[in-house]
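Visitor: Prediction below, plus the sequence it came from.
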Amino acid sequence: MLQPERLLSWASSPPHLQFNRFILSGYRPTMSAKDCMYSLFYVHNEFLNIHSHGLPLLYFVFCAPAQVPWQSISDSVTWLVILHYLATISVLLGSVIYHLFMNHHGGPVVYKKLLQFDMCGIWTLNTFGVLSNVSAAFSNMSVLCWLVPGLYTLVSFCALHEAMTAETVRTRVTSFLKPSLFRWVVTCLRIAGSAGGSPQAVRHIVWMEIFSISGGFFNVTRIPERWFPGRFDYLFNSHQILHTLAILGILHLHWGTIEDIMWLSRTSL
């Protein structure tokens, strides 16, 4: 098993992994899939990125479904709950696989596929994970109840194309801006009382969006390692902050989704 002393500096790391010049050490060399799996058990600069989404993944797979009051959920909206869970699991799984195998000896070709897989997971959550919240807002409006979720899905597909073809972190983050703005419009309508949905869900949705935007800000600006290169190689760097904020956002999305699903179940009776 690879030992920590064989970790590389930024200058000696594989070129396709040199996307953050402020992280100066802790890079894994190129490895086989088996050795990538071994890296779960020792510290390197991707260690927390893997486990910060790996542990929540286990929670959403094994624990969260048991906490949902399935008996109180209408059959007509059960599919929205299942879609939400699959989307949540997909984003966490995509992140874990990307960070775990990003140094695979397949090089840039494999890395690009892993990055696209990760982007697909983010897109899935941003599209289908929030669909119940968008649907609840217009569930009592005969035409808009289908038109708005359909339009949102279309906007999200456009964002997916931009994310999959993006060449920089900044472009990948901003590719999700249009769906985010769409959700903010829907949320503002809910706050103003012009759209439906659970009133208790709104605060969770707002917090989810705030955490999402904040995480994107740290990831693009490379703060705080930009200010102190080499000081945050293993802990508290921008991508780890992004992961932490992402988990907080996912939790609030989950809580808000359950509130909206329960509201839809009551109003559909």
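Guide: All right, it came through fine.

Visitor: Give me the number of neighbouring residues for residue 255.
Guide: Here the count is done by other Cβ atoms under 10 Å, and residue 255 has 17 residues near it. Every residue, glycine included, has its C-beta placed from N, CA and C.

Visitor: Please enumerate the helices of the protein.
Guide: Taking DSSP state H to define them, one finds helices in the chain at 33-38, 47-62, 78-101, 108-124, 131-137, 144-165, 169-174, 177-191, 199-221, 238-267.

Visitor: any chance of the ones you listed in JSON lines, plus distance to residue 23?
Guide: Shown next, in JSON lines, are the helices of the chain (distance: least, Cβ to Cβ, whole Å):
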{"stretch": "helix 33-38", "distance to residue 23": "19"}
{"stretch": "helix 47-62", "distance to residue 23": "11"}
{"stretch": "helix 78-101", "distance to residue 23": "13"}
{"stretch": "helix 108-124", "distance to residue 23": "16"}
{"stretch": "helix 131-137", "distance to residue 23": "35"}
{"stretch": "helix 144-165", "distance to residue 23": "23"}
{"stretch": "helix 169-174", "distance to residue 23": "13"}
{"stretch": "helix 177-191", "distance to residue 23": "26"}
{"stretch": "helix 199-221", "distance to residue 23": "13"}
{"stretch": "helix 238-267", "distance to residue 23": "9"}
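
Visitor: what about residue 264, neighbour count?
Guide: Neighbour count of residue 264, defined by other Cβ under 10 Å: 22.

Visitor: Show me where the stretch 1-150 of the chain dips below the pLDDT cut-off.
Guide: Residue ranges of the stretch 1-150 of the chain with pLDDT under 70: 1-5.

Visitor: try 90 this time
Guide: 1-6, 67, 140-143, 145 (pLDDT under 90).

Visitor: if we can go back for a sec, deepest-packed of the helices of the chain, please.
Guide: Most buried of the helices of the chain by mean neighbour count (mean count of other Cβ atoms under 10 Å) is helix 131-137; its value is a mean of 25.

Visitor: Who are the packing partners of it?
Guide: In terms of contacts (3 or more Cβ pairs under 8 Å, 6 or more residues apart in numbering; DSSP states H and E), helix 131-137 is packed against helix 78-101, helix 144-165, helix 177-191, helix 199-221, helix 238-267.

Visitor: Please could you give me each C-alpha atom of the first one, formatted as PDB?
Guide: Extracted C-alpha coordinates of helix 78-101, given in PDB (Å, rounded to 0.1, in the frame of the first residue of the first chain):
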ATOM      1  CA  THR A  78     -44.300   9.000  -4.000                       C
ATOM      2  CA  TRP A  79     -42.400   9.100  -7.300                       C
ATOM      3  CA  LEU A  80     -41.100  12.600  -6.400                       C
ATOM      4  CA  VAL A  81     -39.700  11.300  -3.100                       C
ATOM      5  CA  ILE A  82     -37.900   8.400  -4.900                       C
ATOM      6  CA  LEU A  83     -36.600  10.800  -7.600                       C
ATOM      7  CA  HIS A  84     -35.300  13.100  -4.800                       C
ATOM      8  CA  TYR A  85     -33.500  10.200  -3.100                       C
ATOM      9  CA  LEU A  86     -31.900   8.900  -6.300                       C
ATOM     10  CA  ALA A  87     -30.700  12.400  -7.200                       C
ATOM     11  CA  THR A  88     -29.200  12.900  -3.800                       C
ATOM     12  CA  ILE A  89     -27.400   9.600  -3.900                       C
ATOM     13  CA  SER A  90     -26.200  10.300  -7.400                       C
ATOM     14  CA  VAL A  91     -24.500  13.600  -6.500                       C
ATOM     15  CA  LEU A  92     -22.700  12.100  -3.500                       C
ATOM     16  CA  LEU A  93     -21.700   8.900  -5.300                       C
ATOM     17  CA  GLY A  94     -20.400  10.900  -8.300                       C
ATOM     18  CA  SER A  95     -18.300  13.100  -6.000                       C
ATOM     19  CA  VAL A  96     -16.800  10.200  -4.100                       C
ATOM     20  CA  ILE A  97     -15.900   8.300  -7.300                       C
ATOM     21  CA  TYR A  98     -14.400  11.400  -8.900                       C
ATOM     22  CA  HIS A  99     -12.200  12.300  -5.900                       C
ATOM     23  CA  LEU A 100     -11.200   8.700  -5.200                       C
ATOM     24  CA  PHE A 101     -10.100   7.800  -8.700                       C
END
